[in-house]
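J.: Dropping the sequence and predicted coords here.
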Amino acid sequence: MIRFATAIGWWVSLVPAHTTSNGKPLNFRTYDASLRFPKSMLGRVDAILAEVKSMRDQGFYVYDSDPYFEEIRRHIHGEPLTWRDRSGGVCDSPNLYFAVLPNADMAVCCDWRMPSKISVAAANFPEIYRKKSTFDEAQSVASRCDGCLYGSFPEISISARYFQPMLKRALFFGKKPPDRQLAKLSAEQMLQIAADIRAKSPHLYRQVATNKAEPKASNSEELGQ
Ligand code: SF4
């Protein structure tokens, strides 16, 4: 996936599976506990995270910052998240981000809703958004959240509150010509790129095609390195 994204000029960000319980439904989290990594796999997960980070450092189009990688590791290990520690343990909604629902209502984020209805389509939305009551409402909801690793929210807080990621992103977005242009490719060219990548790791794709158990690949092999 990372190789394909890089070849077509698309930047990727990792988002680990988020789970929740029936008693605490959240819009972007599954009830399927089998998506949590068992303890026996944590070493392998850490090794793959290290490989992806290394691919990023080699120039592959992986957007994630070092603090974000560490938070993914913490999330998967079931450790408390720390990316909100610099903002009193509450994320930066609605100051640095919020979500917009399909009906144009403002939401705290993809998981949580605002108690009152605030439409971004309303002519006076800018004034309502700047009201302290809107800030308090969103923060009151966010303060009850255990945190998330949905790239769009933590990465924005990290970019704003951690010096090195902030500097790296300023350089990244200020670079001319930018490193973030999609390649102009036809569907056939993209299919060929995908086929070339699959051909380099046939052991991965045989598993999908035949549904037969294959010997476990090493982390490097899994990443196509
Ligand atoms: S940490 Fe903030 S953005 Fe993430 S799920 Fe909780 S309230 Fe939403």
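T.: Nice, thanks for sending it over.
J.: Surely Val52 and Tyr63 touch.
T.: No. Counting by Cβ atoms under 8 Å, Val52 stays clear of Tyr63, with 11.1 Å between them. In short, each C-beta sits where N, CA and C put it, glycine included.
J.: more crowded one of these two?
T.: For Val52 versus Tyr63, the count of surrounding residues by other Cβ atoms under 10 Å is larger for Val52: 20 against 16.
J.: Please tell me the pLDDT value assigned to the closest residue to the more buried one other than its chain neighbours.
T.: Distance criterion Cβ to Cβ, 6 or more residues apart in numbering; nearest residue to Val52, sequence neighbours excluded, is Val62 at 6.0 Å. Turning to Val62, the model gives it a pLDDT of 96.
J.: list the contacts for Val62?
T.: Taking Cβ atoms under 8 Å, 6 or more residues apart in numbering as the criterion, Val62 is in contact with Ile2, Trp11, Val12, Ser13, Leu14, Val52, Lys53, Met55, Arg56.
J.: Separate out the buried members of those residues.
T.: Using 16 or more other Cβ atoms under 10 Å as the burial test, these include Ile2, Trp11, Val12, Leu14, Val52, Lys53, Met55, Arg56 as buried.
J.: Which ones among these map onto helices?
T.: Residues of those located in helices (DSSP state H): Ile2, Val52, Lys53, Met55, Arg56.
J.: Max pairwise distance over those: which two?
T.: Ile2 and Lys53 (11.2 Å; Cβ to Cβ).
J.: Which residues of the protein lie near the ligand?
T.: Residues of the chain lying close to the ligand by Cβ under 6 Å from any ligand atom are Cys91, Ser93, Val108, Cys109, Asp111, Trp112, Ala142, Cys145, Gly147, Cys148, Phe153.
J.: And Met41, how far from Phe28?
T.: Going from Met41 to Phe28 by Cβ to Cβ, to the nearest Å gives 23 Å.
J.: Ok, Phe98 next?
T.: Look at Phe98 and Phe28: by Cβ to Cβ, they are 14 Å apart.
J.: Show me the shaky parts of the protein.
T.: Residue ranges of the chain with pLDDT under 70: 206-225.
J.: Now do the strands in it.
T.: For the chain, the strands defined by DSSP state E occupy 99-100, 106-107.
J.: and the residues of the chain next to the ligand, which of them are in helices?
T.: Counted as lying in helices by DSSP H, out of the residues of the chain next to the ligand, are Ala142.
J.: mind putting the residues of the chain next to the ligand in CSV, neighbour count included?
T.: Formatted as CSV, the residues of the chain next to the ligand follow (neighbours: other Cβ atoms under 10 Å):
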residue, neighbour count
Cys91, 27
Ser93, 24
Val108, 23
Cys109, 23
Asp111, 20
Trp112, 21
Ala142, 23
Cys145, 17
Gly147, 19
Cys148, 25
Phe153, 25
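J.: which residue sits closest to the residue nearest in space to the middle of the chain in space, ignoring its chain neighbours?
T.: The centroid of the chain falls nearest to Gly151 when counting by Cα atoms, centre = their mean (2.8 Å). In this structure, Gly151 finds its nearest non-sequential neighbour in Ser13, 3.7 Å apart by Cβ to Cβ, 6+ apart.
J.: That neighbour: what's it in contact with?
T.: Val62, Tyr63, Asp64, Tyr68, Gly151, Glu155.
J.: isn't Arg169 right next to Ala160, touching?
T.: No. In this structure, Arg169 is not within contact of Ala160 by Cβ under 8 Å, at 9.7 Å.
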